[in-house]
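[1] how would this look folded up:
(one chain, ligands or ions: 1)
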Amino acid sequence: MEKGSQLYEGKAKKVFETEDPELLIISYKDDATAFNGLKRGTIEGKGVINNRMSNALMQLLQKEGVPTHFVKELSDRETLVKRVKIVPLEVIIRNISAGSFAKRYGVEEGIVFDEPTIEFSYKNDALEDPLINEYHALALGLATREEIETIKSCAFRINEILKSFWSSCGVTLVDFKLEFGRLPGCSIVLADEISPDTCRLWDSKTGEKLDKDRFRRDLGGVEDAYREIMSRLEQKLEAVK
Ligand code: 5GP
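    Here you go, the predicted structure:
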């Protein structure tokens with residue numbers, strides 16, 4: 001599949017048209033940003049890892065019946081996906097307190113919740129992705145009530161599948177962000193990516209952070225953390241082949 005004209009360049013990915021109007025090519029970059037673009041840098045090899053990891057996890061989810069935009073991995077950094085209209089909501093699931101949750105409610109990181117939580121942010125760079133509730137999302141026409149219900153049940157199901165997968169790799173899934181899209185017939189599929197950029201992943205034994213927080217918080221060892229989490233995933237996938 002040939003790459004056509006570039007449709008969009010985001011912080012971590014470029015998106016290209018293809019000869020098929022229903023398919024796009026995503027190309028993953030090594031660029032890293034945090035705090036709504038205030039912090040910028042490069043994580044060498046990140047694009048390759050995020051591409052391969054996201055594809056492996058999307059395929060795992062598809063096998064479990066979760067519809068996703070994934071079609072085919074084309075190369076180290078490029079993947080063919082179904083064209084969707086992104087629902088402008090970031091869907092965040094949390095199993096353990098961390099990040100903005102810990103800050104907002106003045107609690108320490110690491111509190112294990114009895115039940116996972118869900119929250120939405122309005123995807124809007126100019127407004128810095130503000131937290132939004134379902135009623136406000138409906139009022140703004142960002143999604144229908146049915147779509148929000150579908151997204152919620154899909155997100156919790158994804159959490160169960162990924163939590164159990166990462167646990168088998170010796171990794172605790174702390175929290176993560178998902179984005180969903182509408183296919184031409186309007187059905188909802190998981191889109192965007194699932195990677196150490198979009199998930200908090202802690203070593204189950206030591207609590208070591210194996211995700212983008214190493215970049216956000218200047219903890220050092222960023223590239224090593226991405227390589228380590230990828231190698232855990234690959235070893236697991238190899239073992240179950
Ligand atoms: P928090 O709200 O605590 O900053 O983030 C919660 C989870 O969602 C983390 O796993 C974080 O990586 C992910 N997340 C939230 N917003 C974004 C975003 O704008 N971009 C990316 N890549 N991940 C996000």
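[2] now do the buried residues in the helix or strand hosting residue 224.
    Using DSSP states H and E, residue 224 maps to helix 222-240. Buried residues in helix 222-240, defined by neighbour count with 16 or more other Cβ atoms under 10 Å: 222, 223, 225, 226, 227, 228, 229, 230, 232, 233, 236. (Glycine included, C-beta is placed from N, CA and C.)
[3] go on, stretch 166-173?
    Applying 16+ other Cβ under 10 Å to stretch 166-173 flags 166, 169, 171, 172, 173 as buried.
[4] for it, C-alpha coordinates in CSV please.
    Taking Å, rounded to 0.1, in the frame of the first residue of the first chain, the C-alpha atoms of stretch 166-173 are listed here in CSV:
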residue,chain,number,x,y,z
TRP,A,166,0.5,-7.0,31.6
SER,A,167,0.3,-8.9,34.9
SER,A,168,1.5,-12.0,33.1
CYS,A,169,4.5,-10.0,32.0
GLY,A,170,5.3,-8.9,35.5
VAL,A,171,3.9,-5.4,34.9
THR,A,172,1.2,-3.5,36.7
LEU,A,173,-1.2,-1.5,34.5
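[5] close to the ligand, is it?
    No: judged by Cβ under 6 Å from any ligand atom, stretch 166-173 stays clear of the ligand, getting no closer than 9.2 Å.
[6] now do that stretch, average pLDDT.
    On average, the pLDDT along stretch 166-173 is 98.
[7] same question, stretch 134-146
    The average pLDDT within stretch 134-146 is 98.
[8] contacts for it, please.
    87, 88, 89, 120, 122, 132, 148, 151 (Cβ atoms under 8 Å, 6 or more residues apart in numbering).
[9] which other helices and strands does the host helix or strand of residue 119 contact?
    Per DSSP H and E, residue 119 falls inside strand 112-122. In terms of contacts (3 or more Cβ pairs under 8 Å, 6 or more residues apart in numbering; DSSP states H and E), strand 112-122 is packed against strand 89-96, strand 131-132, helix 134-139, helix 145-168.
[10] so who does the closest residue to the ligand within the chain touch?
    The nearest approach of the chain to the ligand comes at residue 99, 2.2 Å away (Cβ to the nearest ligand atom). Neighbour list for residue 99: 109, 175, 200, 213 [criterion: Cβ under 8 Å, 6+ apart].
[11] and those, which of them are in strands?
    Counting by DSSP state E, the contacts of residue 99 place 175, 200 in strands.
[12] the residue nearest the centre of the chain and residue 186, how far apart?
    Centroid-nearest residue in the chain, with Cα atoms, centre = their mean: residue 194, separated by 3.3 Å. Residue 194 sits 23 Å away from residue 186, going by Cβ to Cβ, to the nearest Å.
[13] can you pull the pLDDT of the closest residue in space to residue 151 that isn't next to it in sequence?
    In space, and not counting its chain neighbours, residue 151 is closest to residue 180: 5.2 Å by Cβ to Cβ, 6 or more residues apart in numbering. pLDDT recorded at residue 180 is 98.
[14] and for residue 239?
    In this model, residue 239 carries a pLDDT of 89.
[15] how about the residues of this structure near the ligand?
    Counting by Cβ under 6 Å from any ligand atom, the chain sits next to the ligand at 90, 92, 98-101, 129, 175-177, 197-200, 212.
[16] read off the pLDDT value for residue 186.
    88.
[17] right, I mislabeled it, should have said residue 31
    97.
[18] which strand residues bridge it?
    residue 42 (DSSP bridges).
[19] who's in contact with it?
    Residues near residue 31 by Cβ under 8 Å, 6+ apart: 11, 12, 40, 41, 42.
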